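Novice: After the sequence you'll find the predicted model.
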Amino acid sequence: MKSLGEIIRLGKTPRVIGFDDAPFDKSSDAPVNVSGIVCAGANMEGMLWGELTRDGDDSTDVVSELLLGSKFHAQVHLVLLDGVAFGGFNVVDLPELARRVDRPCVAVMRRVPDLDAIDRALSNVPSTDAKRARLARAGTIHEIDPFVFQCHGADPDEVAATLAILTLNGHVPEALRLAHFIGSAVMTGSSSNRA
């Protein structure tokens, strides 16, 4: 498997999978669905679908098992997450995910998060200390215009260059936009107006 740096230098098309949670009822304990969209560059090539626990602690397990149990694992160079938490505060252990799937993992954000507000909100969910520890392990929040992200397993500059290849408009890679739109459409009957 070529590194991101090699892919960029050789002008190859990176294959990625982008994971996002679908809309969910915040008053329900029902599982939260998550979609994983595989793209070569910005072109969709496949999809995974799973579920995890709202405000739980199983997101790292679910994402890694979905990818490792699929035919796509051998093909992807990079794993993208829409933020570092799914289903409310089901926080992904970013370095552990990168270790398990043996691929660089990147949590992409639309803007720099309000860490104080996140910390206050965490006090309202189970396993607060474990979630705080996972958030801390996610590491430095990089701002490399126009992208905001945390990453493990790859150089931040190479990640930013790869994200630029994967993004058609704005600052959200196409795999994550599609994961968001598809999850919304499946759960609500229509894609949302924000990706």
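Specialist: Thanks, I have it. Quick caveat: nothing in here was measured; it's all calculated off a predicted structure. Numbering: from 1, shown residues only.
Novice: going forward, measure contacts and count neighbours with C-alpha atoms only.
Specialist: Noted.
Novice: Now do stretch 15-23: everything it contacts.
Specialist: 32-41, 63, 75-82, 86-87, 175-176, 179-180, 183-184, 187-188 (CA atoms under 8 Å, 6 or more residues apart in numbering).
Novice: Disregarding residues adjacent in the polypeptide, which is nearest to residue 1?
Specialist: residue 77 (7.3 Å; CA to CA, 6 or more residues apart in numbering).
Novice: ditto for residue 101
Specialist: residue 64 is the one closest to residue 101 (CA to CA, 6+ apart), at 6.1 Å.
Novice: swap in residue 100?
Specialist: Nearest to residue 100 is residue 64, by CA to CA, 6+ apart, at 6.7 Å.
Novice: what about the helix or strand harbouring the one you found, average pLDDT?
Specialist: In this structure, residue 64 is located in helix 59-68 according to DSSP states H and E. Helix 59-68 carries an average pLDDT of 98.
Novice: Going by neighbour count, which residues of it are buried?
Specialist: 59, 60, 62, 63, 64, 66, 67 (16 or more other CA atoms under 10 Å).
Novice: Closest to residue 14 out of the residues you listed?
Specialist: Residue 14 lies nearest to residue 67 out of the buried residues of helix 59-68, by CA to CA, at 16.5 Å.
Novice: list the contacts for the closest one?
Specialist: 48, 73, 101.
Novice: redo that, cut-off 6 Å
Specialist: If you count contacts by CA atoms under 6 Å, 6 or more residues apart in numbering, residue 67 has them with residue 73.
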